[in-house]
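Asks: structure for this input, please:
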Amino acid sequence: MGNGILCSSAAGGKENSMYFDANDFATRLQTLRKALGMTQEELAEALNVSLEHLSKMERGKRKPSIDLIVAMACYFHVSTDYLLMRKDHDKVDSRTKLLDVVAQLAEIAKSL
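Replies: Numbering: from 1, shown residues only. Now for the predicted structure:
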């Protein structure tokens, strides 16, 4: 099963299998960080974690604590469901794109 953790839930009489995948989480975390134009060092400082810890999470080698997941969700303005299981990804992807455009506009404004 790799880096995934299986959990099952009953919904509407059916059993759905869902997985937390550390590699998928790593990709989401890295994408969110880059969308804000942040380095790993800057994000590690903002989240009050070591650079080594953040680096391992972004490589799928370490899983975050619940407290850190909540802190990340607040920091990036996304749901914990998105961070853990990629729920509501359309909303988050749109937000990430919007943040990217805002960052580009900020750079243009600086040059004026």
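Asks: what is the host helix or strand of E42 packed up against?
Replies: When elements are assigned from DSSP states H and E, E42 belongs to helix 40-47. Counting contacts by 3 or more Cβ pairs under 8 Å, 6 or more residues apart in numbering; DSSP states H and E, helix 40-47 packs against helix 51-58, helix 66-76. Placement of C-beta: from N, CA and C, glycine included.
Asks: which residues does the residue nearest the centre of the chain contact?
Replies: What sits nearest the mean C-alpha location of the chain, by Cα atoms, centre = their mean, is L29, with 3.2 Å. Shown in contact with L29 (Cβ atoms under 8 Å, 6 or more residues apart in numbering): 57-58, 72, 83.
Asks: what does the longest helix along the chain rub up against?
Replies: Scanning the chain for the helix with the most residues, using DSSP state H, yields helix 89-111. With contact meaning Cβ under 8 Å, 6+ apart, helix 89-111 is reached by 31-32, 35-37, 77-79, 82.
Asks: please apply the same query to stretch 44-64.
Replies: So stretch 44-64 is contacted by 3, 20, 22-23, 25-26, 29-30, 33, 38, 40-41, 43, 68, 71-72, 75 (Cβ under 8 Å, 6+ apart).
Asks: just to revisit the earlier point, quick one: average pLDDT of the longest helix of the chain?
Replies: In this model, helix 89-111 has a mean pLDDT of 77.
Asks: ditto for stretch 54-65
Replies: The predicted model gives stretch 54-65 an average pLDDT of 95.
Asks: buried residues in it, which are they?
Replies: 54, 56-58, 60, 63-64 (16 or more other Cβ atoms under 10 Å).
Asks: CA atoms of it as PDB?
Replies: Extracted C-alpha coordinates of stretch 54-65, given in PDB (Å, rounded to 0.1, in the frame of the first residue of the first chain):
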ATOM      1  CA  LEU A  54       9.000  20.700   6.200                       C
ATOM      2  CA  SER A  55      11.400  19.300   3.600                       C
ATOM      3  CA  LYS A  56      10.500  15.700   4.700                       C
ATOM      4  CA  MET A  57       6.800  16.500   4.500                       C
ATOM      5  CA  GLU A  58       7.200  17.900   1.000                       C
ATOM      6  CA  ARG A  59       9.000  14.700  -0.100                       C
ATOM      7  CA  GLY A  60       6.300  12.400   1.500                       C
ATOM      8  CA  LYS A  61       8.800  11.100   4.100                       C
ATOM      9  CA  ARG A  62       7.000  12.500   7.100                       C
ATOM     10  CA  LYS A  63       3.400  13.000   8.000                       C
ATOM     11  CA  PRO A  64       2.200  16.100   9.800                       C
ATOM     12  CA  SER A  65       0.600  16.200  13.200                       C
END
